[in-house]
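J.: fold the following and give me the result.
(2 chains)
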Amino acid sequence: MKNVTCKLRGLEKSFGQNHVLKGIDLDLRSGEVTALMGANGAGKSTLVKVLCGYHFADAGNIELGGEPFSPTDAADAISKGVVTVHQSIDDGVIPDLDVATNLTLDRLTEPGVGLFVNDRKLRRQARDVAESMGLTMDVRMRVADLDVADRQMIAIARAMARAPKLLILDEPTSSLSSSEAERLFALIDRLRAEGVAILYISHRMSDIRRVADRIISMRDGAISGLFETEPLDYVGAVNAMLGHQMTEVDIDPVEGGEPVLRIEGLKLFDDSREIDFEAREGEVVAFTGLLGSGKTRLAEIIYGLSEPVAGRLLLDDKDYHPRGAGDAVSKGVFMSPKDRSVNAVVPDFDIANNMTVPFLNAFSGLSFLNDKAQRRSTDDMIDKIGVVCQANSDGIDTLSGGNQQKVMIGRWLLKASRVLLLDEPFQGVDIGARRDIGRYIRQTANGRTTLVFVAEIDEALEIADRIVVLNEAAIAGEHKNKNVDLNSLVAEVSGPGERLALAG
Amino acid sequence: MNKNALDYAIKYGFLLLLGGLALFFSLYASGFASPRSAVFILQSVAITGILALGVTCTLVVGGFDLSIGSVATSALMLSAYTMVILEQSAFVAVAVCLLMGALVGLVNGLLIVKMRVPDLLATLGMMFLLIGLQRIPTQGNSIATGMSLEDGSVAEGTFSAAFLWLGRHRFDLFLDRLVPVPVVVFLLIALLIWLFLGYTRHGRLMYAIGSNERAAGLVGTNVHRYKIVAYMISGMLASVGGILLAARLGRGDIASGNNLLLDSVAAALIGFAVLGAARPNAFGTAAGALFVGILLQGLTMMNAPYYMQDFVKGAVLVAALVFTFYLSSRRGGRRTA
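T.: Numbering: from 1, shown residues only, chains lettered A, B, ... in the order given. As a prediction, the model looks like this:
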């Protein structure tokens, strides 16, 4: 048995009413890569933030190398040996400075450092760090001129310069190509051999298969599965992460009528396989898959926000090549994007204006807005989709997350569409609001085709007639939503996928 | 302070202050409460007010236009150049100036949305460029009829009567020759911008862009086009201001219009505080311009020295900003960027 580097016992954390961590017990051992999986809101990032000193735990204790560990802030956590490389790479480096300064920056903040910077000494130190990590670039290069993988490596190298006991990597490959990722894995192998305990957070099964020695699944603020016997049970890990309680929603799947949207030979990324798909009138199709499986990319292509690498789209048997969101909307293709607060909510507007903002044209004559018509339509939709609010003139930020989301979905149901895209419509939504939204989407599904993009299998089962599994930007399976064989569904979600040869 | 009182203070505080100020000066500064004095105040704020309404449009889409002052002085010089040196009519001069304003706005907009230059920097650059450019055709001299040109001849053109009418004519209203043209233009433009921003779908979408640009784009708004249009409106209104200034002065004075930028930006920012809007709005901008005008007129009539003016304006601006950002955030309602 290897030494336990970091020991967590009974860790709890709440934000107001929201109980995010419900007693986490976890051992992280030196020379071992522990993969941490969990859906959005499972509590992964809160756990990481407690470890790296951004949050205090409400209860429980942490031991690091046998000593009690309760960091007062991020700098304290780093100095005690817990170093985190965050998802967004540019958080970890300063792009305008050169490699040498980046690698030695932390030393400039240490107490007792003199006023003047000795560049030559700094560069020598940096070169030592770079060499020990197997990095070959010139330390005088500006970090901004390096590619993404190199920047990522430097962020990690910076972390390693502190000789950490525990290294936390938060979705480190999310912006790397496959060959760049391979370089990162080689580095991780090296660090493991040096005896660092590594906590690796990712959704990519191919990454986890490549680096993980053990897998921990989190769900609803608790650890729902621990897998450490060879061979690792990847299907079990995904199952534990997504979980599945019997859904109370009973769906009678419809076949759908004429095809509305056809996708032919579509390639989402340079190194992904082609997708062929047909969405029919009146049916609700759920695309499911882990983060990074290409769901959002597919939705963006259909809505005209990104260009496919290859292939074409047909809308009602006519070539469909949207030039942007405005063009898509005018052709009857609507999308409710994920991450509502960033992509959908207009914080300065009240409910009525948030609801009607896509269709102000229809609510105005000679460009002058008809306030009454806006409010009438809003009230109508508030009733239908069940928004809990005082009045349509309330500020949008007075609503709870679930009710805000109802407004965001409701705005696209004001007018008839041919294709309705819903990207993560249940994100940050309570179970009641989720049922309301799902029910209303199904009620109104006639006359259009509805594509829903969700990571959670439960959500797909609650809303869809047909479930399509995406894995590594390719279709891994398709199921009619009646007595679905969950085991094979989960197996498709978690399968090795086929990241085509290291083309990146 | 209880919540209702705070709400009330935020909503009506500024207008009450405006009314109180007017009342105070009426009582203590003799001659303040007269139609002539009221018109004088309006006249003193008309040109900065017009510029401020343009800035308001760029503030609404989350931008900023620092080039308005220099666009106005460029229009001043350009109109003089067109009439005095090129000997063109008033109509041509006005048309050329408006076109120039629209073009500058277009370039600003393109720099910002296509070249991704931050708005403050793009318009700062444009400001510099125009301040220099307007001096080149006349080797840095002011333009007036009879000035000698580079080739030794004398400028024959004149400011036409029609052009001077724009700056100097006064309409009869109860009293003879009471309301000057610039005041009428200012009030008309204020009305138009107020309707445009507050009651048309274009205005609503511009507010949506200012509040959450991504969300506005994802519901199909052509964000780039609206931003460019905002800068073009700003450029054209600045040109209108410059034309009116030229018409009032009757010559292409190189040194005038120095204070235009700061005064108009201040008016637009003071406007945030009016009616507790906490965001740019046409009514607030007009009220903000008026507030500064009343304060300065009143102080002048009470024999405050002229060199106190900028200090007073700055103090009002700082107070209004505190009013907007601190009190509104305490109310916990809408946030502004």
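J.: show me where the stretch 51-200 of chain B has its strands.
T.: B:170-173, B:175-180 (DSSP state E, counting those that start in this stretch).
J.: at the contact with chain B, which residues of the stretch 251-400 of chain A appear?
T.: A:305, A:324-330, A:335, A:337, A:342-349, A:353, A:357-358, A:360-361, A:363-364, A:367-369, A:395, A:397 (C-beta under 8 Å from any C-beta of the partner chain). In this view, the C-beta of every residue, glycine as well, is placed from N, C-alpha and C.
J.: which ones among these map onto helices?
T.: A:325, A:326, A:327, A:328, A:329, A:330, A:342, A:343, A:353 (DSSP state H).
J.: any chance of these in JSON lines, plus neighbour count, pLDDT and distance to residue B:217?
T.: Below are these laid out as JSON lines (neighbours: other C-beta atoms under 10 Å in any protein chain shown; pLDDT from 0 to 100; distance: C-beta to C-beta, whole Å):
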{"residue": "A:325", "neighbour count": "25", "pLDDT": "94", "distance to residue B:217": "6"}
{"residue": "A:326", "neighbour count": "18", "pLDDT": "94", "distance to residue B:217": "9"}
{"residue": "A:327", "neighbour count": "16", "pLDDT": "95", "distance to residue B:217": "12"}
{"residue": "A:328", "neighbour count": "23", "pLDDT": "96", "distance to residue B:217": "12"}
{"residue": "A:329", "neighbour count": "24", "pLDDT": "95", "distance to residue B:217": "11"}
{"residue": "A:330", "neighbour count": "11", "pLDDT": "94", "distance to residue B:217": "15"}
{"residue": "A:342", "neighbour count": "12", "pLDDT": "89", "distance to residue B:217": "12"}
{"residue": "A:343", "neighbour count": "18", "pLDDT": "92", "distance to residue B:217": "9"}
{"residue": "A:353", "neighbour count": "24", "pLDDT": "95", "distance to residue B:217": "16"}
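J.: got the residues of the stretch 151-300 of chain B near chain A?
T.: Contact residues (C-beta under 8 Å from any C-beta) of the stretch 151-300 of chain B with chain A: B:195, B:199-202, B:204-205, B:207-208, B:210-212, B:214-222, B:279.
J.: which intervals of the stretch 251-400 of chain A have sub-threshold pLDDT?
T.: Counting by pLDDT under 70, the stretch 251-400 of chain A has no low-confidence residues at all.
J.: at 80 what do you get?
T.: Where the stretch 251-400 of chain A drops to pLDDT under 80, the residues are A:291-292.
J.: in it, which spans are strands?
T.: So, for the stretch 251-400 of chain A - with DSSP E, counting those that start in this stretch - the strands run A:259-267, A:274-280, A:284-288, A:310-315, A:318-320, A:333-336, A:364-365, A:368-369.
J.: without its sequence neighbours, what residue ends up closest to the residue nearest to the spatial centre of chain B?
T.: Ranked by distance to the mean C-alpha position of chain B (C-alpha atoms, centre = their mean), the top residue is residue B:51 at 1.7 Å. The spatial neighbour of residue B:51 that comes closest, neighbours along the chain excluded (C-beta to C-beta, 6 or more residues apart in numbering or on different chains), is residue B:264 at 3.7 Å.
J.: ok, the one you found touching residue B:58?
T.: No - the criterion here is C-beta atoms under 8 Å, and residue B:264 misses it with residue B:58 at 11.5 Å.
J.: ok, the residue nearest to residue B:51 to residue A:270 distance?
T.: Distance of residue B:264 to residue A:270, given as C-beta to C-beta, to the nearest Å: 51 Å.
J.: likewise for residue B:90?
T.: Counting by C-beta to C-beta, the gap from residue B:90 to residue A:270 is 61 Å.
J.: in terms of neighbours, single out the busier of these two.
T.: Set residue B:90 next to residue A:270 and count neighbours by other C-beta atoms under 10 Å in any protein chain shown: residue B:90 wins out with 20 against 11.
J.: and residue A:38, how many neighbours does it have?
T.: Number of residues near residue A:38 (other C-beta under 10 Å) recorded here: 23.
J.: my error: substitute residue A:84 in the last question.
T.: 25.
J.: would you map the helices across chain B?
T.: Under the criterion DSSP H, chain B contains helices at B:3-28, B:35-60, B:68-80, B:90-113, B:119-133, B:161-168, B:181-199, B:201-211, B:213-218, B:223-249, B:260-270, B:282-301, B:309-322, B:328-331.
J.: comparing these, which gets the lowest mean pLDDT score?
T.: Per-stretch mean pLDDT for the helices of chain B is lowest at helix B:328-331 (a mean of 62).
J.: now mean neighbour count and distance to residue A:237 too, for the strands of the stretch 251-400 of chain A, in JSON lines please.
T.: Converted to JSON lines, the strands of the stretch 251-400 of chain A look like this (neighbours: other C-beta atoms under 10 Å in any protein chain shown; distance: least, C-beta to C-beta, whole Å):
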{"stretch": "strand A:259-267", "mean neighbour count": "19", "distance to residue A:237": "29"}
{"stretch": "strand A:274-280", "mean neighbour count": "17", "distance to residue A:237": "26"}
{"stretch": "strand A:284-288", "mean neighbour count": "26", "distance to residue A:237": "16"}
{"stretch": "strand A:310-315", "mean neighbour count": "16", "distance to residue A:237": "33"}
{"stretch": "strand A:318-320", "mean neighbour count": "12", "distance to residue A:237": "39"}
{"stretch": "strand A:333-336", "mean neighbour count": "27", "distance to residue A:237": "30"}
{"stretch": "strand A:364-365", "mean neighbour count": "14", "distance to residue A:237": "53"}
{"stretch": "strand A:368-369", "mean neighbour count": "18", "distance to residue A:237": "52"}
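J.: of those, which is nearest residue A:202?
T.: Relative to residue A:202, the nearest member of the strands of the stretch 251-400 of chain A by C-beta to C-beta is strand A:284-288, separated by 17.8 Å.
J.: partners of the closest one in the sheet?
T.: With DSSP bridges as the test, strand A:284-288 is paired with strand A:449-454 (parallel), strand A:466-471 (parallel).
J.: give me whichever of these is most buried.
T.: Across the strands paired with strand A:284-288, averaging neighbours per residue (mean count of other C-beta atoms under 10 Å in any protein chain shown) puts strand A:449-454 on top, at a mean of 26.
J.: show me the contact partners of that strand.
T.: Strand A:449-454 is contacted by residues A:256, A:260-261, A:279-288, A:295-296, A:298-299, A:302, A:338, A:418-426, A:441, A:459-460, A:463-464 when judged by C-beta atoms under 8 Å, 6 or more residues apart in numbering or on different chains.
J.: leaving out chain neighbours, which residue sits closest to residue B:235?
T.: residue B:105 (2.9 Å).
J.: picking that back up, make TSV out of the strands of the stretch 251-400 of chain A and add distance to residue A:131.
T.: Below are these laid out as TSV (distance: least, C-beta to C-beta, whole Å):
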stretch	distance to residue A:131
strand A:259-267	40
strand A:274-280	43
strand A:284-288	45
strand A:310-315	42
strand A:318-320	54
strand A:333-336	49
strand A:364-365	66
strand A:368-369	65
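J.: picking up where we left off before, so the residue nearest to residue B:235 makes contact with residue B:227?
T.: No - the pair residue B:105 / residue B:227 is not scored as a contact, 10.5 Å apart, by C-beta under 8 Å.
J.: neighbour count winner among those two?
T.: residue B:105 (31 against 24).
J.: identify the residues contacting that one.
T.: Per C-beta under 8 Å, 6+ apart, neighbours of residue B:105: B:228, B:231, B:232, B:233, B:234, B:235, B:236.
J.: quick one: the closest residue in space to residue A:312 that isn't next to it in sequence from residue A:416, how far?
T.: Spatial nearest neighbour of residue A:312, chain neighbours left out: residue A:264 (5.4 Å); criterion: C-beta to C-beta, 6+ apart. With distances taken as C-beta to C-beta, residue A:264 is found 25 Å from residue A:416.
J.: and residue A:300, how far is that from residue B:299?
T.: Per C-beta to C-beta, residue A:300 is found 58 Å from residue B:299.
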